[in-house]
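Asks: Mind looking at a prediction? Sequence and model below.
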Amino acid sequence: MKKLNLSIGKVPDQAVRIGAVFLIGIGSMVVLRQRFIPESFGELGHYRANAIPVVAGAPLHYAGWQTCGACHQDELDKKLEGFHRTLSCETCHGPAYEHAVVDPTATTPTVPRGRETCLTCHGYLPSRPTGFPQIIELQHNPMEPCIKCHNPHNPATEEETPACSGCHGQIARTKAISHHSLLACETCHVTPAEHKENPRQYLPKKPTNREFCGQCHGEGTPTSGTLLGVDLSARDIPKVDVETHGNTYLCWQCHYPHFPEGK
Amino acid sequence: MQAHFAELGALINQISGFIYPNEIELQWSILIVIYPYLTGLVAGAFILASLEKVFNVKELQPTYRLALLCALSFLIVAPMPLQAHLGHPERSLEMFLTPNGNSAMAMFGFVYMWYLMLVLLLEIWFDFRADMVRWSQEARGIKRFFYSALALGSKDISEEAVAFDHKAVYTITLIGIPSAFILHGYVGFIFGSIKANPWWSSVLIPIVFLFSAIVSGIAMILLIYYVSSLVRGQQPKMPCMDKLASFLLYALILDFSLESLDFIHRLYESEESIHILSELIVSKLFLSLTIVQILLGTILPLLLLAFGRYSRLPAELKRIIYVLSAMLIQVGIFSTRWNVVIGGQLFSKSLRGLTAYKLEIGGQEGLITAIGFLILPFLIFLLLIKILPPWEDEKETVPAAIEA
C-alpha cells in the first residue's frame, strides 16, 4: 500500500493526523454549540430567557388574596388586622383559582377544621424562633379543634389571659384526678403577670418552706370550715408533725403536689 | 415513597443530639466516595508513569505502560458514579455546551476533558503509535484495519518519526504532571471550598487529596505489576518492586504527615465545630477512621514497608510484604475517601447532633452498583492490555487476542 505522507514543513505526518483529529473535535464542538444552545440563552443570565414566557404560560392554580377579598371582604379585613396578616388565604384554603376566577360555584376551597393544618406551623419544634407561638399537641387542649378557641382569621384569643391548663395541660389533667383537684394553681404558685406573655423569663414561684403545706397538713390545723378556698368538712386530710416529718426536706421533694397520693 | 420513609424512620434510633429535618438522609452516597477514589488512582498512576519518563527512574520502566493504561481505565470509569448519582445524567453534558464559570463542579468537566484528551489519550497514542503501525503491517483482515485506524493511518516508523514520538511523549508528560496535580487537587478543592462544612473546609484538603492520590496510585500499580507478572508466569523484577516500595513509602510518609498536620491544626484552632467533630471521630467514624484509615491503612503499611525495604529478607518475602502493604493502603485510601465524603455529612449543621448513613444493597446508589463501578475499571484494563499489550518482551509480536 502506498504511504500517504501528510507532513507539513517540519511537522511530521503523525502530528498532522492527530492534529486533524483534534481540529475535527473542536469543529464538532463549535457546530454542536451552534446547533444545541437555545437562541435566547444568556440574554438575562445563565439560562434560557425564553423559558420565562413558557413558565408564565403555565396554567394558574392560585388566585391571590386580593381576588378573595373581592367577595370575602369581611374575612380579609379581619385577617389583615391579626397575626395572620402576612399569610395568603390560599395557604390554608388551598389553590382557589377555579373558584375565585373561573366559576365560584364549580368548586369550593377546602376549610381545614382539624388540628393538623395549624400544627404545621404551630406544633412545637426546637428550631423555631422562641417567640413564635408553638404548642405541644398532647398538652395544649388535646383533641379540641383549634378553631374552638381561635378564629383563624385573627387567631389571638378573646381571653386575654389563657388558663394555666392552656400550656400545662398534662399537669392540669393529673391534678384534676388528685386530692388537690380543688386547689387553684395560684394557691401554691405565685405567678407574675408577665409569665403568660413571656413564660421563660418570668417563672412562677414554688413553695419554699414546709410551713406552706403545713397550713393544711400540719398537726392541729383545722378540720372543718374553709381553708385556701376549700371546704374542709368531710375531708380526711393527712396530718403530720411538720417540725419532724421528713427531716429537713421540703414537702414537694418527696411528694408530687399535683398528685400527692401517687407513690 | 412510603417504603422509603419507613427506611428513613429506622434511622431515627441511630440519631444522636439535634439534627435538622433535612439532614436525616445523606445526599452524597457511596458513589460519591468512589469518584475521588478512582480519580486519585488516575492521578497517582500517571505521576508514577512520569517518574520513568521525566525523572528517568529506569527501574520503573516495566510499569510505565501499565500505569498509563491503568490510569486510562480508571479515568474512563471515574465520572460514571457521578452520572449514576444524577437523576438526569444526560443533562450533565450541557455543561460542555453552556459552561458556568462560577461553578467549581461544572468546571471539573473541563479539567477532566483536558486530562483525558490532551494528556492521557495523547500520550498513550504517541507511545504506542510505532507499535500500532508495526502490528497493522504484520496483521491481516479486520485486525490490520483496526490497528491502522488506531494509528490514524500513519505508517511512518522511521527513526526520525519514532524520535518525534518520544519527544512528544516527553513533552506531554511534562504538561501531564501539573495536569495530574490539578485533576486530583481539583477534586480536593471541590470539597475544601465548601465553607459551610467544617469537616471539609480546609485549604489543606486539596494537598492531602493529592498525596493520598499518589499513594493509592503507586500502590495500585505495584499490585497490578505483581499480579500481571504472576499471571504471565514471570518473576516480578525485584529492582522495580523495591523502587515502587520506596516511592510508596516516601509518599505515604508525606501523606501521613500532611494529614496529621491538618488534624493537629484543627485541634489547636479549636473552632466551634471541634466538639461535634471530636464526637464524630470517636463515635460514627471510629472504625473507618481510627482503625481502618489510620491504623490498618497507614501506620501498619508504613511499618511493613519500612521493614520490608530496609531489612535483609529474601526477595519472595519482601514481595509479599510489599503486596500486603499495597492492599492495606488501598483499603486505607478508600476509607479516607469514605471518611471525607460520608463523614462530612454525618454531623448536623447545628453542630449539635449526628445522623447515620444507611447503605442500600440494591438500587441506583446501592452497594452492588458501587462494587460494579469498582470492578469495571479492571475489565476495561483487561480489554486495553489485550488491544495494546504493554509488555516489553511482546513489543515485536502481534497481540494474540486480536489475532483470534
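Replies: Thanks, I have the structure now. Keep in mind the model is a prediction, meaning the values are calculated, not measured.

Asks: For chain A, what lies in contact range of chain B?
Replies: A:1, A:3-5, A:12-15, A:17-18, A:21-22, A:25, A:29, A:32-33, A:36-37, A:41-42, A:46, A:126-127 (CB under 8 Å from any CB of the partner chain). For the C-beta atoms, the positions are set from N, CA and C on the backbone; glycine is no exception.

Asks: In helices, which of those appear?
Replies: A:Asp13, A:Gln14, A:Ala15, A:Arg17, A:Ile18, A:Val21, A:Phe22, A:Gly25, A:Met29, A:Leu32, A:Arg33, A:Phe36 (DSSP state H).

Asks: Need the buried ones from these selected in PyMOL.
Replies: To isolate the buried members of these in PyMOL, using 16 or more other CB atoms under 10 Å in any protein chain shown:
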select buried, chain A and resi 13+14+15+17+18
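
Asks: Pull the most distant pair out of the ones in helices among the residues of chain A next to chain B.
Replies: Across these, no pair lies farther apart than A:Asp13 and A:Phe36, at 34.5 Å, counting by CB to CB.

Asks: dump the residue contacts of residue 228.
Replies: Answering for chain A, as no chain was given. When contacts are counted by CB atoms under 8 Å, 6 or more residues apart in numbering or on different chains, A:Leu228 touches A:Leu183, A:Thr187, A:Gln215, A:Cys216.

Asks: that's the other chain; I wanted chain B
Replies: Contacts of B:Ser228 (CB under 8 Å, 6+ apart): B:Leu66, B:Ile385.

Asks: can you give me the helices in the stretch 301-404 of chain B?
Replies: B:315-341, B:343-346, B:367-387, B:400-403 (DSSP state H, counting those that start in this stretch).

Asks: Packing partners of the third one?
Replies: The one in question is helix B:367-387. helix B:30-53, helix B:61-77, helix B:79-85, helix B:400-403 (3 or more CB pairs under 8 Å, 6 or more residues apart in numbering or on different chains; DSSP states H and E).

Asks: and the ones you listed as TSV, adding distance to A:Lys239?
Replies: Formatted as TSV, these follow (distance: least, CB to CB, whole Å):
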stretch	distance to A:Lys239
helix B:30-53	70
helix B:61-77	85
helix B:79-85	74
helix B:400-403	103
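
Asks: Out of those, which is closest to B:Glu316?
Replies: helix B:61-77 (18.2 Å).

Asks: pull the CA atoms of the closest one into PDB?
Replies: Output of helix B:61-77 as PDB, limited to C-alpha atoms (Å, rounded to 0.1, in the frame of the first residue of the first chain):
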ATOM      1  CA  GLN B  61      10.400   1.000  33.100                       C
ATOM      2  CA  PRO B  62       8.300  -2.200  33.300                       C
ATOM      3  CA  THR B  63       5.400  -0.300  34.900                       C
ATOM      4  CA  TYR B  64       5.300   2.700  32.600                       C
ATOM      5  CA  ARG B  65       2.800   1.500  30.000                       C
ATOM      6  CA  LEU B  66       0.900  -0.500  32.700                       C
ATOM      7  CA  ALA B  67       0.500   2.700  34.600                       C
ATOM      8  CA  LEU B  68      -0.700   4.700  31.600                       C
ATOM      9  CA  LEU B  69      -3.300   2.100  30.600                       C
ATOM     10  CA  CYS B  70      -4.400   1.700  34.200                       C
ATOM     11  CA  ALA B  71      -4.800   5.400  34.500                       C
ATOM     12  CA  LEU B  72      -6.900   5.400  31.400                       C
ATOM     13  CA  SER B  73      -9.200   2.600  32.600                       C
ATOM     14  CA  PHE B  74      -9.800   4.400  35.900                       C
ATOM     15  CA  LEU B  75     -10.300   7.700  34.200                       C
ATOM     16  CA  ILE B  76     -13.000   6.300  31.900                       C
ATOM     17  CA  VAL B  77     -14.900   5.000  34.900                       C
END
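
Asks: Quick check: which helices or strands does that helix pack against?
Replies: Using 3+ CB pairs under 8 Å, 6+ apart: helix B:61-77 touches helix B:30-53, helix B:122-138, helix B:204-231, helix B:238-269, helix B:367-387.

Asks: now, of those helices, which is deepest in the fold?
Replies: Most buried of the helices and strands packed on helix B:61-77 by mean neighbour count (mean count of other CB atoms under 10 Å in any protein chain shown) is helix B:30-53; its value is a mean of 26.

Asks: From the contact counts, what lies against that one?
Replies: For helix B:30-53, the packing partners by 3+ CB pairs under 8 Å, 6+ apart are helix B:61-77, helix B:79-85, helix B:159-192, helix B:204-231, helix B:238-269, helix B:315-341, helix B:367-387.

Asks: possible to save those as a markdown table with distance to B:Ala306?
Replies: A markdown table is the format used below for the helices and strands packed on helix B:30-53 (distance: least, CB to CB, whole Å):
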| stretch | distance to B:Ala306 |
| --- | --- |
| helix B:61-77 | 21 |
| helix B:79-85 | 34 |
| helix B:159-192 | 25 |
| helix B:204-231 | 14 |
| helix B:238-269 | 6 |
| helix B:315-341 | 10 |
| helix B:367-387 | 29 |
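
Asks: would TSV of those helices with mean pLDDT be doable?
Replies: Shown next, in TSV, are the helices and strands packed on helix B:30-53 (pLDDT from 0 to 100):
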stretch	mean pLDDT
helix B:61-77	95
helix B:79-85	93
helix B:159-192	92
helix B:204-231	95
helix B:238-269	95
helix B:315-341	96
helix B:367-387	96
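
Asks: B:Ala106 is nearest to which of those helices?
Replies: helix B:159-192 (10.6 Å).

Asks: Look up how far B:Ile172 lies from the closest residue to B:Ala78 other than its chain neighbours.
Replies: Leaving aside its chain neighbours, B:Ala78 sits nearest to B:Leu38 (4.3 Å; criterion: CB to CB, 6 or more residues apart in numbering or on different chains). From B:Leu38 over to B:Ile172 the distance is 22 Å, taken as CB to CB, to the nearest Å.

Asks: mind listing what the closest residue to chain A within the stretch 251-400 of chain B touches?
Replies: Using CB to the nearest CB, the single residue of the stretch 251-400 of chain B nearest to chain A is B:Ser350, 7.7 Å away. Shown in contact with B:Ser350 (CB under 8 Å, 6+ apart): A:Ser127, B:Phe18, B:Ile19, B:Tyr20.

Asks: I'd like these as CSV, with secondary structure, neighbour count and distance to A:His168 appended.
Replies: Formatted as CSV, the contacts of B:Ser350 follow (DSSP: H, G, I helix; E, B strand; the rest coil; neighbours: other CB atoms under 10 Å in any protein chain shown; distance: CB to CB, whole Å):
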residue, secondary structure, neighbour count, distance to A:His168
A:Ser127, coil, 9, 23
B:Phe18, coil, 14, 24
B:Ile19, coil, 19, 29
B:Tyr20, coil, 13, 29
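
Asks: Which of those sits closest to B:Arg337?
Replies: Out of the contacts of B:Ser350, the member with the shortest distance to B:Arg337 (by CB to CB) is B:Ile19, at 23.4 Å.

Asks: need the contact list for that closest one.
Replies: B:Ile19 sits in contact with B:Ser348, B:Ser350, B:Arg352, B:Gly353, B:Leu354, B:Thr355, where contact means CB under 8 Å, 6+ apart.

Asks: Just those: which are in strands?
Replies: Among the contacts of B:Ile19, the ones falling in strands (DSSP state E) are B:Gly353, B:Leu354.

Asks: I'd like the contacts of B:Ile19 laid out as TSV, including pLDDT.
Replies: Output for these, formatted as TSV (pLDDT from 0 to 100):
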residue	pLDDT
B:Ser348	93
B:Ser350	91
B:Arg352	90
B:Gly353	91
B:Leu354	93
B:Thr355	92
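
Asks: Pick the one among the contacts of B:Ile19 closest to B:Lys284.
Replies: Using CB to CB, the contacts of B:Ile19 come closest to B:Lys284 at B:Leu354, 5.7 Å.
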